[in-house]
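Q: only the shape, not the letters, is given here:
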């Protein structure tokens, strides 16, 4: 966690954002088929878009792992497409300087 994230933890709305991301990431644990993954990615996308004012993505390591899992070659292209949409949202949030 960098200094900017520690500073944001004082903001209750940011803490709610972190909690919402945690909850969205739990959906991946209960996914039993590819349609569940698409649903979990959709929920994560919505949370990220609704909190785009923060230029920091919480739980970035876990999100990165889940996105990498969603790009597994055995999964259908719909899951891949949704994962790529999530990457696009994240890249827009963090901007080129933080990339």
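A: Arrived safely, thanks for sending. A quick note: this is a predicted structure, and the numbers were derived from the prediction, not measured.
Q: okay, and the helix or strand of this structure with the least pLDDT?
A: Using mean pLDDT, DSSP states H and E, the weakest-scoring helix or strand in the chain turns out to be helix 3-8, at a mean of 82.
Q: got the buried residues for it?
A: Of the residues in helix 3-8, residue 8 count as buried by neighbour count, 16 or more other CB atoms under 10 Å. Just so you know, the C-beta spots here come from the backbone N, C-alpha and C atoms, and that holds for glycine as well.
Q: mind giving me the packing neighbours of the next helix or strand after it?
A: Sequence-wise, the next helix or strand downstream of helix 3-8 (DSSP states H and E) is helix 12-29. Counting contacts by 3 or more CB pairs under 8 Å, 6 or more residues apart in numbering; DSSP states H and E, helix 12-29 packs against helix 34-50, helix 60-70.
Q: hmm, who's touching the least confident helix or strand of the chain?
A: Contacts to helix 3-8, defined as CB atoms under 8 Å, 6 or more residues apart in numbering, come from residues 14, 54, 56, 58.
Q: closest to residue 21 among those?
A: Closest to residue 21 out of the contacts of helix 3-8 is residue 58 (5.1 Å), distances taken as CB to CB.
Q: so how far is residue 70 from that closest one?
A: From residue 58 across to residue 70, the span is 19 Å (CB to CB, to the nearest Å).
Q: who are the packing partners of the longest helix along the chain?
A: Longest helix of the chain, by residue count under DSSP state H: helix 77-98. Helix 77-98 is packed against helix 34-50, helix 60-70, with contacts defined by 3+ CB pairs under 8 Å, 6+ apart.
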